[in-house]
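[1] Mind folding the following:
(chains A and B)
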Amino acid sequence: MNLREVAELVGARFLAGADLADREVNAAFAADLLSDVLAMVREEGVLLITGTVTAQVVRVAEVMNLAGVVFVRGKLPAKPTVDYAAAAGIPLLATPRTMYETCGILYTHGLPPAKRKPFPYEHDQPGSPPP
Amino acid sequence: MISPAPLRHREIFPVAGLDLERAGTVSTEVQRVLRKLGVEPEVVRRAGIVCFEGEMNIVLYTPGGRIILLVYDDRVELIFSDQGPGIPDIELARQPGYSTAPNWARELGFGSGMGIPNMETNSDKLEIRSRPGEGTVIRAVILRRRNETEGSGEGPRP
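    Purely as a prediction, here's the structure:
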């Protein structure tokens, strides 16, 4: 699935990086806590679905080599953040849909969850899913 | 961790406390420097994550500090130092999920108590020295000679 298909499926528009709409995304991760993104995503080229719109989202996307970011719940980052993303080559999309809807739509259309590191706190929780 | 490998690069980055606009820019700059030096992509990635968490800790919780980047043939070192307030209980801070973050930090997407555990996961060695009221020094070592194919980013835990 590429970013253009992602945008069409969830009714998102490109805030930055529309020229990168052909970029393939192989997996997705959803979180508002950036620390969880940093702690758990272990692949590159992952699509991040988030309701956090701070400048740090784009920095995390850069550090983690993410394929792009979809902002949910109609939230929009400030212009300096969008400009930074455009300059750094990080596509930003925005949709009025909720995180749950966005994830559900992309999941049912075959976008798999990002492989993640084991959660540090799941060792003593029997029955938790394998990473 | 005493190694005869020669130092290839040394750079000091100041970090301003509470400067949320610039928070994270040292990490992206460190990654650029490492890439330019030809450091392995997986090491660049892990160093970026370690640096980002350390940088955010300085920005969110201290009046300011600095990050020293040392690049050797066999490892990358990141040394974070700040001017307080210090970590009263380091063992507690190492526990995943333990957080003293104020609400405003959580609203920015931080403060889930994963910072130091995450630095640990992505380092081969993480030393923390802290004196309440004076400041904290964290030294992270990321080894370069390792299997690059799996890319799990899992360093040995202390």
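[2] Next, the closest residue to chain B within chain A: secondary structure please.
    Nearest residue of chain A to chain B (Cβ to the nearest Cβ) works out as A:Arg59 at 3.0 Å. In this view, the C-beta of every residue, glycine as well, is placed from N, C-alpha and C. Three-state call for A:Arg59 (DSSP: H, G, I helix; E, B strand; the rest coil): helix.
[3] residues in contact with it?
    B:23-25, B:27-28, B:52 (Cβ atoms under 8 Å, 6 or more residues apart in numbering or on different chains).
[4] Quick test: name the residue nearest the centre of chain A.
    Residue closest to the mean C-alpha point of chain A, counted by Cα atoms, centre = their mean, is A:Leu48 at 0.8 Å.
[5] ok, now which ones touch that residue?
    For A:Leu48, the contact set (Cβ under 8 Å, 6+ apart) comprises A:28-31, A:37, A:41, A:57, A:60-61, A:66, A:68-70.
[6] And these, which is the shakiest by pLDDT?
    On pLDDT alone, A:Val41 ranks lowest of those, at 89.
[7] still on that earlier bit, would you mind giving the contacts of A:Arg59 as a markdown table with neighbour count, pLDDT and distance to B:Pro102 added?
    Below are these laid out as a markdown table (neighbours: other Cβ atoms under 10 Å in any protein chain shown; pLDDT from 0 to 100; distance: Cβ to Cβ, whole Å):
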| residue | neighbour count | pLDDT | distance to B:Pro102 |
| --- | --- | --- | --- |
| B:Ala23 | 24 | 90 | 15 |
| B:Gly24 | 26 | 92 | 19 |
| B:Thr25 | 17 | 93 | 22 |
| B:Ser27 | 26 | 96 | 22 |
| B:Thr28 | 20 | 95 | 25 |
| B:Phe52 | 30 | 96 | 19 |
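[8] quick check, nearest of these to chain A?
    B:Gly24 (3.0 Å).
[9] is whichever strand or helix holds B:Phe52 anywhere near chain A?
    For B:Phe52, the host element (DSSP states H and E) is helix B:41-61. Yes: Helix B:41-61 lies within reach of chain A by Cβ under 8 Å from any Cβ of the partner chain, at B:45, B:48-49, B:51-53, B:56.
[10] Would you check which pair of the residues you listed lies furthest apart?
    B:Arg45 and B:Met56 (16.9 Å; Cβ to Cβ).
[11] Mind checking which of these two has more residues around it?
    A direct count of neighbours by other Cβ atoms under 10 Å in any protein chain shown for B:Arg45 and B:Met56 places B:Met56 higher, at 27 against 21.
[12] give me every residue that touches that one.
    A:56, B:23-24, B:110, B:115.
[13] Show me how far the lowest-mean-pLDDT helix or strand in chain B is from its chain's centre.
    Within chain B, confidence by mean pLDDT, DSSP states H and E is lowest for helix B:103-107 among all helices and strands, at a mean of 84. On the basis of Cα atoms, centre = their mean, to the nearest Å, helix B:103-107 sits 20 Å off its chain's mean C-alpha point.
[14] Tell me the secondary structure of B:Ile68, please.
    strand.
[15] hang on, isn't B:Gly133 packed against B:Pro85?
    Yes: applying Cβ atoms under 8 Å, one finds B:Gly133 in contact with B:Pro85, separated by 6.5 Å.
[16] quick one, which of these two is more surrounded?
    The residue with more neighbours, out of B:Gly133 and B:Pro85, is B:Pro85; 17 against 9, by other Cβ under 10 Å.
[17] hmm, back to that, which one among the contacts of B:Met56 gets closest to A:Arg4?
    Closest to A:Arg4, out of all of these and judged by Cβ to Cβ, is A:Gln56, at 26.4 Å.
[18] dump the residue contacts of the nearest residue to that closest one once chain neighbours are set aside.
    Nearest residue to A:Gln56, sequence neighbours excluded (Cβ to Cβ, 6 or more residues apart in numbering or on different chains): B:Gly24, at 5.3 Å. Applying Cβ under 8 Å, 6+ apart, one finds that B:Gly24 lies in contact with A:55-56, A:59-60, A:63, B:52, B:55-56.
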